[in-house]
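Peer 1: Structure for this input, please:
(chains A and B)
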Amino acid sequence: MKGSKSGLAITFILLYVFWILNSGLFDTFHLSLGVICSFIVAYMFNDLLFGSDAKPGRVLLRAYRLLAYIPWLLYQIALSNWDVFKRVMQPEMPINPQVIKFRSGLSGELALTIFANSITLTPGTVTVDIDKDGTFYVHAIADEPAGSLLTEPPCEMAGRSGYIFDECRKWNS
Amino acid sequence: MNPVDIIVTLIMSVGALLMLTGSIGLLRLPDVYCRMHATGKCDTLGESLILLGLIIYQVYSGHELVLDKVIVPAKMLFIILFFFLANPVATHAIMKAAFIIKTPMWTKQGWKVWQKEESR
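Peer 2: Have a look, this model is predicted:
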């Protein structure tokens, strides 16, 4: 328990809404049980969601930017499924597997996680390993997906996921 | 047939088609790394589309209770969110494990064991 009072309150509210949606019972016993459980968990672990140095306003801004990132990611996921569909259904299977290495320029743990997950979900590439300094090793199934990550400066997706955590400026400005 | 049924059928058919693509890819592609491409991507969207169809069907199915109209779809939405977080992580874990135990990799030049220093 190192976080601030407002961080505790926001964590408690999130946990309690999650509790109500999962229980679906609205009698006094279950609602009060939810209050007790949510408060204990929020009291003990609120510094996981709102770290001791981060202000709640900053965290909410990041949550908003993460939500704004999701529609673009969904579009990329649809493209990636169409890509796999085309490759798998053709009789000659146009694949040329290779492993590429590039510097992403990101450093925060959460930014690296989100970028690695995005790489795995976007067309033709799967993250294999990440070094501490932000170097990514990526397995690409053909030449074009590999080329889309090896652009200079680092690709559009790195800019978008870095922007969520204030590690780069807005990707298109 | 009312329009909701048609939309739900379409969404769930696309989801099932993607799951089929993932399975065909799993069988046709040459090595474990390429196979993870097929399953890791197609399973995520395929399962999510099937659940999305179920959500729409549940909301418009004419139930009287708030329980069935709000809480059951909300639970299915949580499952979709869980897929989007867990599926890429599981794919990455299997890929990394395969690299650590030096599983050979299929390339156009033949099978070989990948070394970290070789990558460009």
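
Peer 1: Helices of chain A, start to end?
Peer 2: Using DSSP state H, the helices found in chain A span residues A:5-23, A:28-49, A:56-89, A:109-121, A:143-149, A:156-164.

Peer 1: Ignoring the adjacent residues along the chain, who's closest to the residue nearest in space to the middle of chain A?
Peer 2: Chain A has A:I114 as the residue nearest its centroid, 3.1 Å off, counting by CA atoms, centre = their mean. Using CB to CB, 6 or more residues apart in numbering or on different chains and skipping residues adjacent in sequence, the residue nearest A:I114 is A:S161, 4.9 Å away. Just so you know, the C-beta spots here come from the backbone N, C-alpha and C atoms, and that holds for glycine as well.

Peer 1: and if you look at A:N117?
Peer 2: B:P88 is the one closest to A:N117 (CB to CB, 6+ apart), at 4.2 Å.

Peer 1: okay but the one you found is in contact with A:L121, surely?
Peer 2: Yes - using CB atoms under 8 Å, B:P88 makes contact with A:L121 at a distance of 5.6 Å.

Peer 1: Identify the contacts common to those two.
Peer 2: Here B:P88 and A:L121 share the contacting residues B:40, B:44, scored by CB atoms under 8 Å, 6 or more residues apart in numbering or on different chains.

Peer 1: mean confidence for stretch A:72-89?
Peer 2: Stretch A:72-89 shows a mean pLDDT of 87.

Peer 1: Neighbours of residue 10, how many?
Peer 2: I'll assume chain A. By the criterion of other CB atoms under 10 Å in any protein chain shown, A:I10 has 20 neighbours.

Peer 1: hmm, I had chain B in mind actually
Peer 2: 12.

Peer 1: same deal with B:I71?
Peer 2: 17.

Peer 1: what's near enough to touch it?
Peer 2: Residues near B:I71 by CB under 8 Å, 6+ apart: A:21, A:24.

Peer 1: For it, which three-state class applies?
Peer 2: helix (DSSP: H, G, I helix; E, B strand; the rest coil).

Peer 1: Find me the pLDDT at it, would you?
Peer 2: For B:I71, the predicted pLDDT is 83.

Peer 1: Give me the below-cutoff pLDDT ranges for the chain.
Peer 2: Using chain A here. A:1-3, A:50-56, A:151-156, A:166-173 (pLDDT under 70).

Peer 1: My question was about chain B, not that one.
Peer 2: Within chain B, the stretches with pLDDT under 70 are B:62-67, B:116-120.

Peer 1: So which bits of stretch A:18-33 are buried?
Peer 2: Neighbour counts over stretch A:18-33 (16 or more other CB atoms under 10 Å in any protein chain shown) mark A:19-21, A:24 as buried.

Peer 1: ok, now stretch B:14-28?
Peer 2: So, applying 16+ other CB under 10 Å, buried residues of stretch B:14-28: B:14-15, B:18-19, B:21-26, B:28.

Peer 1: These: which ones sit near chain A?
Peer 2: Restricting the buried residues of stretch B:14-28 to those near chain A by CB under 8 Å from any CB of the partner chain leaves B:18, B:21-22, B:24-25, B:28.

Peer 1: Restricted to strands, list these.
Peer 2: Members of those lying in strands (criterion: DSSP state E): none.

Peer 1: Make CSV from the residues you listed and add distance to B:K108 to it.
Peer 2: Converted to CSV, these look like this (distance: CB to CB, whole Å):
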residue, distance to B:K108
B:L18, 27
B:T21, 23
B:G22, 24
B:I24, 22
B:G25, 18
B:R28, 16
